[in-house]
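> Structure for the following, please:
(one chain, ligands or ions: 1)
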Amino acid sequence: MKKFIFLGVAVVLAVTVIYLNNQSPTSTPLISIAGTTMGTSYHIKLAAGSEAKIDSAALKAKIDARLGVIDAEMSTYKEQSDVSQVSRAAADAWVPVADETMTVLTTAQEISRISDGAFDITVGQLVNLWGFGPTLNLEDIPAQDKIKQLLSIVGYQKLELQAHPPQVKKSDAHITIDLSAIAKGYAVDAVAKLLLEEQLSNFLVEIGGEIITHGYKEHDKPWVIGIESPQANQRSIRKRLYLQDVAMATSGDYRNYFERDGVRYSHTIDPATGYPIKHTLASVTVIEDSCMRADALATAIMVMGPDKGMAFANRHQLAIFMLVKQNDKFIEKYSNAFTPYLNTKEVK
Ligand code: FAD
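The predicted structure follows:
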């Protein structure tokens, strides 16, 4: 079956757009560093104004090395990663993992708890079954029996974490884990930390659509981010956001999916049913201090759908923006905590 993953040559297209920052020129040009990682692309913009001279090539080498470590630890696509080793482990065997893998696992489990299991990294086998994992081997819509069988090994409660030393065990050998909905956000936070350690304070980091902004684009001008209109066959900006010192992540059903008999099957799996999500929420954007949290929360809310997701966001005071399908249109919905971001005028 043909899978409609909107890949560039080798990268998953991001659902947010940062090139808007090139459209209003700054007096000192922004420095851009870009590359590929984790099956997608990354872009970094540095507003050089106040900082010492930047050696872009040396900085890019440090960023690539940092991303390489995270990829090696947390990828489902790499056999020796912590994630793959946990997935291959026997039941009740403790598997040592890196400190930062433990950080991501701990946050993943916390988001699973508060989202009542809507976010669940043990959906790994179902992600593969539906053809969205490393094997890309979907032949047909999976049989109900198979989905039911794999559902029996889904459940974040089946994982046990121990912080010192960092290690993980699972209650069933067949459980596999998938950090694809949280580790990119962690990587964004990690690159931001690296830039701060390099004494850089005005920057934007984006990996596969997950973003963090620090300081200003220029003097008192914030960074400009575009949330895409959730349409598969075109790229256009639906909403501009002006961000400073916050992270942002978006999940959507319109970039990574396949269609069969007019039905769209998205890569976001509902751990309660074992099926790709089926509702009218086309995309959700979450603004948080940590990109890791924003990334995971966006997937959790994408699973919950428009009504439950909005109630969850308001209950937890999360700043979220939704695009919800209504007939041929998309309507905008936002949580109470999102209102400060509705200012559509660039601050001068
Ligand atoms: P998000 O909404 O952020 O995440 C969706 C993904 O989360 C799904 O694809 C699925 O894997 C998982 N998921 C689905 N449902 C749930 C749920 N209910 N709870 C929790 N998780 C769920 N892709 C490649 O093609 N090649 C690579 O080499 C590659 N390497 C990677 C290495 C790392 C460390 C990571 C984190 C990802 C890698 N990816 C790779 C995957 C890819 O780049 C994206 O992370 C992936 O496509 C999902 O990101 P997203 O922002 O589109 O969706």
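> Would you agree P340 falls within a strand?
No: under DSSP: H, G, I helix; E, B strand; the rest coil, P340 sits outside any strand and is assigned helix.
> Tell me how many other residues crowd it.
P340: 8 surrounding residues under other CB atoms under 10 Å. For every residue, glycine as well, the C-beta is placed using N, CA and C.
> Could you check how far it is from Y242?
10 Å (CB to CB, to the nearest Å).
> Also L67?
To Y242, L67 is 27 Å away according to CB to CB.
> how many other residues sit next to W130?
W130 has 24 nearby residues by other CB under 10 Å.
> hmm, back to that, neighbour-wise, which of L67 and Y242 wins?
L67 (22 against 18).
> The helix or strand hosting the more buried one and the ligand in contact?
Here L67, judged by DSSP states H and E, is contained in helix 56-74. Yes: judged by CB under 6 Å from any ligand atom, helix 56-74 comes into contact with the ligand at 71, 74.
> Let me see the mean pLDDT of that helix.
Per-residue pLDDT values over helix 56-74 give a mean of 98.
> Packing partners of that helix?
In terms of contacts (3 or more CB pairs under 8 Å, 6 or more residues apart in numbering; DSSP states H and E), helix 56-74 is packed against strand 31-37, strand 40-46, helix 82-88, helix 99-114, helix 183-197.
> Other residues contacting stretch 107-124?
76, 87, 105, 133, 153-156, 158-159, 161, 170, 175-179, 181-182, 186, 269-272, 292-293, 296-297, 299-301, 303-304, 312, 316 (CB atoms under 8 Å, 6 or more residues apart in numbering).
> re earlier: and the helix holding L67, what's buried?
59, 63, 66-67, 70-71, 73-74 (16 or more other CB atoms under 10 Å).
> Then stretch 329-342?
330, 333-335, 337-338, 341.
> Please, which helix or strand holds G309?
Short version, using DSSP H and E: G309 is in helix 306-315.
> One more: L297?
Per DSSP H and E: helix 291-304 holds L297.
> pLDDT averaged over that helix - what is it?
On average, helix 291-304 scores 98.
> Quickly check: that helix near the ligand or not.
Yes: Helix 291-304 reaches the ligand (CB under 6 Å from any ligand atom) through 295, 299, 303.
> Redo the residues you listed as a markdown table? Include distance to I54 and neighbour count.
Formatted as a markdown table, the residues of helix 291-304 next to the ligand follow (distance: CB to CB, whole Å; neighbours: other CB atoms under 10 Å):
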| residue | distance to I54 | neighbour count |
| --- | --- | --- |
| D295 | 27 | 36 |
| T299 | 34 | 28 |
| V303 | 41 | 27 |
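> who in the chain is up against the ligand?
12, 38-40, 71, 74-75, 77, 119-121, 123, 127, 132, 178-181, 183-184, 208-209, 251, 256, 267-269, 271, 295, 299, 303.
> my guess is P276 meets S266, correct?
Yes: the criterion here is CB atoms under 8 Å, and P276 meets it with S266 at 4.6 Å.
> Give the bridge partners for the nearest residue to K239 once chain neighbours are set aside, please.
Nearest non-adjacent residue to K239, counting by CB to CB, 6 or more residues apart in numbering: I227, 4.4 Å away. Beta-bridge pairing for I227 (DSSP bridges): T16, K239.
> wait, isn't I227 in contact with I237?
Yes: using CB under 8 Å, I227 and I237 qualify as a contacting pair, with a distance of 7.2 Å.
> Looking at those two, which is more packed in?
I227 (23 against 15).
> and the helix holding L297 with helix 306-315, angle?
140 degrees (axes from the mean of the first three to the mean of the last three CA atoms, to 10 degrees).
> Can you tell me which helices and strands helix 291-304 packs against?
helix 99-114, helix 183-197, strand 210-214, strand 247-252, strand 281-288, helix 306-315, strand 319-326.
> The same query, at a cut-off of 7 Å, please.
Other elements packing on helix 291-304 under the criterion 3 or more CB pairs under 7 Å, 6 or more residues apart in numbering; DSSP states H and E are helix 99-114, helix 183-197, strand 210-214, strand 247-252, strand 281-288, helix 306-315.
> Mean neighbour count for those - can I get that in CSV?
Formatted as CSV, the helices and strands packed on helix 291-304 follow (neighbours: other CB atoms under 10 Å):
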stretch, mean neighbour count
helix 99-114, 19
helix 183-197, 23
strand 210-214, 27
strand 247-252, 28
strand 281-288, 26
helix 306-315, 18
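> Counting neighbours, what do you get for the residue in the chain that the ligand sits nearest to?
Nearest residue of the chain to the ligand, counting by CB to the nearest ligand atom: G39, 2.3 Å away. Applying other CB under 10 Å, we find 17 residues neighbouring G39.
> Likewise for L241?
If we define neighbours as other CB under 10 Å, then L241 has 24 of them.
> about what we covered before: please convert the helices and strands packed on helix 56-74 to TSV, extending it with mean pLDDT.
Shown next, in TSV, are the helices and strands packed on helix 56-74 (pLDDT from 0 to 100):
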stretch	mean pLDDT
strand 31-37	96
strand 40-46	96
helix 82-88	98
helix 99-114	98
helix 183-197	98
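> Go through the ones you listed and name the closest to K146.
Closest approach to K146 among those (CB to CB): helix 82-88, 18.0 Å.
> For the closest one, name the packing helices and strands.
helix 56-74.
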